[in-house]
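Novice: Okay, structure incoming, though there's no sequence with it:
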């Protein structure tokens, strides 16, 4: 299973735009757009998803599943649940800085 966020991150890591990924996967740009606009795990045609993952792997991206290790090494990202809920850092405000006159 791959999430829409993983797909967007994987495409960015491979320096591909949606058009390039669609061409590599043999799919249409609207199909890639729908996949990336999904909420959470991508749902849809298994064949299309397999093509996208294959294209990303050809471009050098490894999709790491939940709880999986990455023994091959290399650079990458993994999203995990945060230990604490995000909030303001002590001494810092989360609001944008005020413009100076």
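Specialist: Nice, I can see it. Note that the structure is a prediction, hence the values are computed from the model and not measured. Numbers count the residues shown, from 1 in each chain.
Novice: Contacts for the biggest helix by length in the chain, please.
Specialist: Using DSSP state H, we find that the single longest helix of the chain is helix 46-58. For helix 46-58, the external contacting residues (C-beta atoms under 8 Å, 6 or more residues apart in numbering) are 2, 7, 10-11, 14, 21, 24-27, 31-32, 35, 42, 63. C-betas here are computed from N, CA, C, even on glycine.
Novice: ok, now with 7 Å
Specialist: Residues outside helix 46-58 that contact it (C-beta atoms under 7 Å, 6 or more residues apart in numbering) are 2, 7, 10, 14, 21, 24-27, 31, 35, 42, 63.
Novice: Repeat that for stretch 2-17.
Specialist: 21, 35-38, 40-42, 52-53, 56, 59-61, 63, 77, 79.
Novice: before we move on, back to that, just the buried members of the contacts of helix 46-58?
Specialist: Listed as buried from the contacts of helix 46-58 are 2, 7, 10, 14, 21, 24, 25, 27, 31, 35, 42, 63; burial here means 16 or more other C-beta atoms under 10 Å.
Novice: Check which helix or strand the last one maps to.
Specialist: Using DSSP states H and E, residue 63 maps to neither a helix nor a strand.
Novice: what about it, distance to residue 12?
Specialist: In this view, residue 63 and residue 12 are 14 Å apart by C-beta to C-beta, to the nearest Å.
Novice: out of the contacts of helix 46-58, which are inside helices?
Specialist: Counted as lying in helices by DSSP H, out of the contacts of helix 46-58, are 7, 10, 21, 24, 25, 31, 35.
Novice: Let me have those residues in a markdown table, extended by pLDDT and distance to residue 47.
Specialist: Formatted as a markdown table, the ones in helices among the contacts of helix 46-58 follow (pLDDT from 0 to 100; distance: C-beta to C-beta, whole Å):
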| residue | pLDDT | distance to residue 47 |
| --- | --- | --- |
| 7 | 93 | 16 |
| 10 | 92 | 18 |
| 21 | 97 | 16 |
| 24 | 96 | 15 |
| 25 | 97 | 10 |
| 31 | 96 | 11 |
| 35 | 95 | 13 |
